[in-house]
Each structure stands twice: as structure tokens, then as C-alpha cells.
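Asks: sharing a model prediction with you, sequence too.
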Amino acid sequence: MKNYSTLLAFILIAFLSCEKKYERPDYYNKDLFEHERGTNQAYVMSKDEAFEASAMVLSSSQIRVSDSSKGRGKDFFIYKLDSAKILKTTRDSVISYPFSFISEQRLKLDKKNQEPVYIYLETLKGYKFIAEERKIKYQWLKAAPVYKVEKDK
């Protein structure tokens, strides 16, 4: 009986003192995509790049969302301008107001201060039925962020 209890105690001590590698998940972790980390960064254009790539550049502080499709399929937003200053144009030299354009992303506009911002537009691609109904010809330049207009010093 003494041999059985000694043997049982020895087996129990040996079992409890063994290192279990399956309890250490970091031992088995291997990052298969470590060389691809950081490549999913969105490209953001500078002011000069956005200006050159745009078909029309406007400056306005009177910009607001007039409609959106958020939650109804592919997200897009229709923005309306009551007035704007034309800085660059390749097609239209006269704009009738209110002027509308489409953006596939919500623009980060400061609603409290309403400081003037640059509006970088390209000719509309797609949205045929909405464009005909609302008479929209332009959309926001995709990689262009919202830049505030700097006052001359």
C-alpha cells in the first residue's frame, strides 16, 4: 500500500510540474501577414495635388448635407452650396445656385464656426438617375480631404 501511495504521489507531482505548451498561445502565434501591416492606409492628397486633380475647385462656408443614402445601400451624401467662390474650373465658368454635388464619404465640416473650406470636385461618375433628377454634374474628389481656406496675412 505504501508503494502505491508513493507511486501515486510521484505521478501527481510529475504531472503538476510539467509545462503545458498548449496553455501558452503566444508560443504558437505566427503572424502570417506581418509584412503587410500598415499597407491599408488611405491615401490623402495634399492641397496642391487635390487642386491639380480637380475639374472644379470652389471655396465656400455655406455648405450643408441636403440628403444621404446612409442605411439604404451604398452610402453617399448630397451636399448643397448656397454660394461659393470659383477658384478653378475646366468646364463650367458660371454656376447657378443652389449648387449640389455628391460625395461617397461624409465630409468633416465644422458646423459651429462655418469657416470657408476648399471644395475639390471631379465630373460625376455613375449615379445616373439621381444626377438627372437633381441636376448634379460633379462629385467630391475621392482622396481629397476637407481643407480650410487660409486667410491672407
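Replies: Perfect, I can see it now.

Asks: low-confidence ranges, this protein, go.
Replies: Across the chain, residues meeting the criterion (pLDDT under 70) sit at 1-2, 18-28, 36-42, 112-113, 152-153.

Asks: now the strands for it?
Replies: Assigned by DSSP state E, the chain shows strands spanning 56-60, 63-68, 77-81, 85-89, 99-103, 117-123, 138-140.

Asks: so which of the ones you listed comes closest to S46?
Replies: The closest of these to S46 is strand 117-123. By C-beta to C-beta, the value is 11.2 Å. (Glycine included, C-beta is placed from N, CA and C.)

Asks: list the helices and strands that closest one packs on?
Replies: Using 3 or more C-beta pairs under 8 Å, 6 or more residues apart in numbering; DSSP states H and E, the elements in contact with strand 117-123 are helix 47-53, strand 56-60, strand 138-140.

Asks: residues contacting the residue positioned nearest the centre of the chain?
Replies: Nearest residue to the geometric centre of the chain (C-alpha atoms, centre = their mean): Q105, 6.8 Å. By C-beta atoms under 8 Å, 6 or more residues apart in numbering, the contact list for Q105 reads 75, 77, 140.

Asks: look up how far A9 lies from L107.
Replies: For L107, the distance to A9 equals 73 Å [C-beta to C-beta, to the nearest Å].

Asks: correction: the previous question concerned Y147.
Replies: Separation of Y147 from A9 (C-beta to C-beta): 76 Å.

Asks: how does the protein divide into domains?
Replies: The chain is divided into the following domains under automatic domain parsing: 2-36, 47-140.

Asks: and the ones you listed: which comes nearest K151?
Replies: Nearest of the domains of the chain (C-beta to C-beta): domain 47-140, 9.0 Å.

Asks: thinking again about what came up before, can I get the contacts of Q105 in TSV including neighbour count and distance to D48?
Replies: As requested, those are exported to TSV (neighbours: other C-beta atoms under 10 Å; distance: C-beta to C-beta, whole Å):
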residue	neighbour count	distance to D48
D75	13	29
F77	18	25
W140	21	18
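
Asks: with distance to K151 as extra columns, can I get the domains of the chain in TSV?
Replies: Output for the domains of the chain, formatted as TSV (distance: least, C-beta to C-beta, whole Å):
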stretch	distance to K151
domain 2-36	43
domain 47-140	9
